[in-house]
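> model the structure of this input:
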Amino acid sequence: MREHSQKEEELEINLTPMLDIVFIMLIFFIVTAVFVKEAGVEVDKPTAAAATKQDLVSILVAITASNEVWINRKQVEIKAVRSIIEKLRSENPKGTVSVQADRKAKAGITLEVMEAARLAGAPNVSISALEDK
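As a prediction, the model looks like this:
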């Protein structure tokens, strides 16, 4: 009887190290995942024949039809755009900026936002558009 119980104990597999590795991998993937960014408002984007898909855009700036500027689901003043983008770029230095301007927004506001992004040190500033079909 004793011999039989010792064999059963020897046949058990210790799963603790495997579970530790699985949890570490889960934490790694959660921390390194790229989350979908949203500017906070919906805009009616213009169409463009030369529109290309941008990957890894980390800073989205939306400009509504009533010329309101939104970053990270918060409405901001045009004067604060540069400092906000500088702060966001310090958190993610490789991040790019995409401006989502409504087709009815004033071009001057869009240019001011793009200029503020460039002055904040963003190397790549793009304008978001829908692909022309």
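
> quick one, helices of the chain?
Along the chain, the stretches classed as helices by DSSP state H are 2-11, 16-32, 81-91, 107-119.

> would you turn these into TSV with mean pLDDT and mean neighbour count?
C-beta coordinates here come from the backbone N, C-alpha and C atoms, glycine included. As requested, the helices of the chain are exported to TSV (pLDDT from 0 to 100; neighbours: other Cβ atoms under 10 Å):
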stretch	mean pLDDT	mean neighbour count
helix 2-11	60	8
helix 16-32	87	9
helix 81-91	90	16
helix 107-119	92	17
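
> now those in a markdown table, with distance to A65?
What follows is the helices of the chain, written out as a markdown table (distance: least, Cβ to Cβ, whole Å):
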| stretch | distance to A65 |
| --- | --- |
| helix 2-11 | 70 |
| helix 16-32 | 37 |
| helix 81-91 | 18 |
| helix 107-119 | 11 |
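
> between those, which one is nearest to S98?
helix 107-119 (9.4 Å; Cβ to Cβ).
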